[in-house]
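Undergrad: okay, predicted coordinates and the sequence, questions at the end:
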Amino acid sequence: MELNVSIKKKLPHFDLDVSFSCRRSRLLALVGPSGAGKTTIIRILAGLDRPDEGRITYDGETWVDTDKKIFLPPQERHLGYVFQEYTLFPHLTVAGNVAFAAADTRDVDSLLKRFNIRHLKDRKPDMISGGERQRCAICQAMARHPRLLLLDEPFSALDAVTRQSLRAELRTLKQDLSIPVIHVTHDISEALYLADDVLPMVGGRIVRKWMVQFMLKGRPPARQRVAEGMNSSEHDSRAGEDLSVLYDSLKAVQ
Amino acid sequence: MDLTPLWLSLKLAFMTTVVLVILAAPLTYLLVYVRFAGKTFFEAFLTLPMVLPPTVLGFYLLLVMTPQGNIGRFWQAVTGSPLIFTFAGIVAASLVYSLPFAIQPMKAAFEKIDRRLLESSYVLGLSPLSTFFRVIIPNALNGLAASAILVFIHTLGEFGVILMVGGSIPGETKVASIAIYEAVEALRYRDAAVMCLILVPISYLFLLLINRLTRRQIYGT
Amino acid sequence: MRKYVTAIISALVILGSSFSAAAGEKLLVAVAANFILPSGELAEMFEARTRIPVEATYTSTGKLYGQIVKGAPYDLFFAADEKRPNLLFEKGLCDAPFVYAQGQVVVWTANRELCGAAGWQAVVKNPNVLKIAIANTESAPYGTAAMIALRKAGLWDMLKAKYVFPQTVAQAFQYAETKSAEAGFCAYSSALSDKGKGGCFYPVPEAPAIVQAACILKRTEHRAAAEQFAAFVQSPEAQKIKEKYGYR
């Protein structure tokens, strides 16, 4: 099961242009400062947005092909998506949420147990904590036995302690999954902790591995080379700033 | 004293409310979630009944509902009886008259629903239609209730339009507002007063209900 | 020089105001809606003769009555019946009423196919006539007259399913003219109007004449002018105008 992505889209501040793939049982982290286009990519993968140009295939099945005018709607892609918030339906209980699109309602109970939220099953989303909500959201997404799991900054709205514990839980969960997982975050330590592959992004483009090495070597000419590698000018102020941010955060984690 | 006009008013208000809430929901969905050319013109057109003087609206409805008019002719062909001067006719007129009042609260309620909830639903495999019934409606119940109540009291007080297309037929189209007016014209002030005394508390009660519902929205359910 | 100019200007102003005192004389009349057309012509003629403008408000007799009782500042009241002026007289709000016109109820239809019928009864009994417009029988004199005629002809109960009751006789004509109702009991004056000529009418001898009475309101501040107008409306010349519009 492999996901192959190659898309371009014109955005207000820059042009998005990325290509990558993700294999089963691997977690790919898309990391970078806010506004780098990470969420757009995830939305395009989910079918909630369209690229201007490009192809997305999963396991041989074409989801998007702008040349051939193919577009598979989100309902048919069979994936799971966890937003930062507002994933859970406020009018349903936790059990109701998980059962909402579950393939088999008999699974609901075991799912609740597995994600350690069974004790919350009759509560509504506004009566549980933020961390519990996100755990429920992940459970809800998994209830459908998705082929791909997308996580869009799922822990960013939570406090540091909860974030740590949920990260650990996700890491454990990941080991049992046989599907690709794409995880968006602006926190590079989170990315490095969870991911099998890290894709740093700046200004709509992926910063290649060799660029990362270059940056970590730390000298200004290196930064310029990176900028060229990304087809943007270091003097292009927005890209330049983002690069600095990425560079600093990479250094911090090193 | 003959209280049939009051029953007629309540019957009219009830029927209009039920039909209009069902009709207005998909229309509101269109206005909130679907992008199409000329949407602003369409929306303004739907708001017209709120700004037109009732007698003007009534006059146009009269022309359209007579056996020669487009709608009147269609109705006659389908049901075999005329539309004008019948209870069905004043229900139809009330639907037009109260349409904007049904749409506004619903629109506010739909717009308050975070789009991500809908997107979550699509990703989980629900079609837009299923999402409408299983996500949008359950999360817009307060707005739907407010719509229903607003349409109900608005129809109770309807006068100018019904005057034009109703024909004031006792037991059929002579609703309370018309009966009160005729009582005053005929100098039967006591009869008019009695009917008002019954109508006013009903309307007031419903207004209180709206207040309670909308307040709950503000402070969170 | 300046004193001279001031004197002239003051003289002009005084003269002017004394003219407008006479010209400021104007009559406000409340007129039943059905009498709108003859009333307009009568007012014009009166103003041409006496330089006293007559401003009229046209609406249903019932509404005008209500307004007058609440103190509306009319000088004269021209009703569509005798009842309301009599009530005002009893209340001491106006002088003794006088009859100023008599109207007639007719059955009018816009439907040319109904134009060769034997009489009004044949028209209302015709199975193709599904709806008959009758002005509110309680508060509109033309409606009351129509009901009396139908009762006299023994048709009132039989045709109950056909009646629609607009508020005024003018609205009855509107219903008939727009073919919302296949026929209507209308004012003779409507039948004689331009729109009325597009259809046909039948006299209704069983209906009593609509005796329309008027009175001068006691609160008028232009009594002399009001009396002049009242007299004019009852003059032979005024009669000719009224007959033109179907009134006697």
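TA: Great, that's in hand.

Undergrad: could I get the pLDDT score of whichever residue of chain C sits closest to chain A?
TA: Per CB to the nearest CB, C:S180 is where chain C lies closest to chain A, at 48.1 Å. (Glycine included, C-beta is placed from N, CA and C.) Per-residue confidence at C:S180 stands at 92 (pLDDT).

Undergrad: ok, it - contacts?
TA: Contacts for C:S180 (CB atoms under 8 Å, 6 or more residues apart in numbering or on different chains) come out as B:62, B:65-67, B:84-85, C:131, C:133, C:164.

Undergrad: what is the host helix or strand of B:I90 packed up against?
TA: Using DSSP states H and E, B:I90 sits within helix B:87-112. Helix B:87-112 makes packing contacts with helix B:4-33, helix B:39-51, helix B:54-65, helix B:70-79, helix B:141-156, helix B:160-166 when contacts are defined by 3 or more CB pairs under 8 Å, 6 or more residues apart in numbering or on different chains; DSSP states H and E.

Undergrad: hey, which of the ones you listed is tucked in deepest?
TA: Compared across those, helix B:160-166 shows the largest average neighbour count, a mean of 25 (mean count of other CB atoms under 10 Å in any protein chain shown).

Undergrad: on that earlier part again, by contact count, what packs against the following helix or strand past the helix holding B:I90?
TA: Of the helices and strands lying after helix B:87-112 in sequence (DSSP H and E), the nearest is helix B:115-123. With contacts taken as 3+ CB pairs under 8 Å, 6+ apart, helix B:115-123 sits against strand A:80-82, helix B:128-131.

Undergrad: partners of the helix or strand containing A:N4 in the sheet?
TA: Counting by DSSP H and E, the element that carries A:N4 is strand A:2-10. Each strand that pairs with strand A:2-10, with its direction, by DSSP bridges: strand A:15-23 (antiparallel), strand A:53-58 (antiparallel).

Undergrad: what segments of chain C are strands?
TA: Ranges of strands within chain C are C:27-32, C:54-59, C:76-78, C:98-103, C:105-109, C:132-133, C:163-164, C:183-187, C:200-203, C:210-216, based on DSSP state E.

Undergrad: ok, A:K8 touching A:R55?
TA: No: between A:K8 and A:R55 there is no contact, the gap being 10.5 Å when judged by CB atoms under 8 Å.

Undergrad: does stretch C:138-146 come close to chain B?
TA: Yes: for stretch C:138-146, a contact with chain B is found by CB under 8 Å from any CB of the partner chain, at C:138-139.

Undergrad: touching that stretch from outside, list them.
TA: Contacts for stretch C:138-146 (CB under 8 Å, 6+ apart): B:182, B:185-188, C:34, C:60-62, C:80-81, C:103, C:105, C:134-137, C:165, C:167-169, C:172, C:185-187, C:204, C:207-210, C:212.

Undergrad: contact partners for whichever residue of chain A sits closest to chain C?
TA: Nearest residue of chain A to chain C, counting by CB to the nearest CB: A:H91, 48.1 Å away. With contacts defined as CB under 8 Å, 6+ apart, A:H91 is in contact with A:124, B:138-139.

Undergrad: give me the ChimeraX select line for the contacts of stretch C:138-146, limited to the buried ones.
TA: Selection of buried members from the contacts of stretch C:138-146 for ChimeraX, criterion 16 or more other CB atoms under 10 Å in any protein chain shown:
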select /B:182,185,186,187,188 /C:34,60,61,62,80,81,103,105,134,135,136,137,165,167,168,169,172,185,186,187,204,207,208,210,212
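
Undergrad: of the contacts of stretch C:138-146, which are in range of chain A?
TA: Among the contacts of stretch C:138-146, chain A is touched by none when using CB under 8 Å from any CB.

Undergrad: can you flag which of the contacts of stretch C:138-146 belong to helices?
TA: Among those, the ones falling in helices (DSSP state H) are B:182, B:185, C:61-62, C:169, C:172.

Undergrad: between those, which is nearest A:A103?
TA: Distance to A:A103, by CB to CB, is smallest for B:E182 among those, at 64.8 Å.

Undergrad: excluding its backbone neighbours, what's nearest the spatially most central residue of chain C?
TA: Central residue of chain C (CA atoms, centre = their mean): C:F35, 2.4 Å from the mean position. Among residues not flanking C:F35 along the chain, C:F78 sits closest, at 6.1 Å (CB to CB, 6 or more residues apart in numbering or on different chains).

Undergrad: one step back: can you lay out the strands paired with strand A:2-10 as a markdown table showing mean pLDDT and mean neighbour count?
TA: Below are these laid out as a markdown table (pLDDT from 0 to 100; neighbours: other CB atoms under 10 Å in any protein chain shown):
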| stretch | mean pLDDT | mean neighbour count |
| --- | --- | --- |
| strand A:15-23 | 89 | 18 |
| strand A:53-58 | 94 | 19 |
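
Undergrad: out of those strands, the one nearest A:G47 is which?
TA: The nearest among the strands paired with strand A:2-10, by CB to CB, is strand A:53-58 at 9.2 Å.

Undergrad: does the following helix or strand past the closest one reach chain B?
TA: Next along the chain after strand A:53-58, taking DSSP H and E as the criterion, comes strand A:61-65. No: contact of strand A:61-65 with chain B is not found when judged by CB under 8 Å from any CB; the minimum separation is 12.9 Å.

Undergrad: could you point out the helix or strand that follows strand A:61-65?
TA: Next along the chain after strand A:61-65, with elements defined by DSSP H and E, is strand A:70-71.

Undergrad: for chain C, which element, helix or strand, carries the lowest mean pLDDT?
TA: Averaged element by element with mean pLDDT, DSSP states H and E, chain C has its least confident helix or strand at helix C:2-23 (a mean of 66).

Undergrad: identify the bridge partners of A:V184.
TA: A:L30, A:D152.

Undergrad: can you check the pLDDT for residue 216?
TA: Since no chain was named, I'll use chain A. 58.

Undergrad: I was thinking of chain B, sorry if that wasn't clear
TA: B:R216 is given a pLDDT of 63.

Undergrad: now do the one 5 residues further on
TA: B:T221 carries a pLDDT score of 46 in this model.

Undergrad: can you name the residues that contact whichever residue of chain C sits closest to chain B?
TA: Of all residues in chain C, the one sitting closest to chain B is C:V164 (3.1 Å; CB to the nearest CB). C:V164 makes contacts with B:85, B:167-169, C:131-134, C:175, C:180-181, as judged by CB under 8 Å, 6+ apart.

Undergrad: switch to 7 Å and redo it
TA: B:85, B:167, B:169, C:131, C:133, C:175, C:181 (CB atoms under 7 Å, 6 or more residues apart in numbering or on different chains).

Undergrad: reformat the residues you listed as TSV; add distance to B:F206 and neighbour count.
TA: Converted to TSV, those look like this (distance: CB to CB, whole Å; neighbours: other CB atoms under 10 Å in any protein chain shown):
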residue	distance to B:F206	neighbour count
B:F85	28	28
B:G167	28	27
B:I169	27	21
C:K131	34	23
C:A133	35	29
C:Y175	33	28
C:A181	35	29
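
Undergrad: hmm, which two among those residues are most spread apart?
TA: B:I169 and C:Y175, at 12.4 Å, using CB to CB across the contacts of C:V164.

Undergrad: what's across from C:A56 in the sheet?
TA: The partner residues for C:A56, given DSSP bridges, come to C:V29.

Undergrad: so it sits right up against C:K26, yeah?
TA: No: in this structure C:A56 lies outside contact range of C:K26 using CB atoms under 7 Å: 11.3 Å.

Undergrad: re earlier: surely the residue nearest to C:F35 and C:A213 touch.
TA: No: if you go by CB under 7 Å, C:F78 and C:A213 don't touch, sitting 8.3 Å apart.
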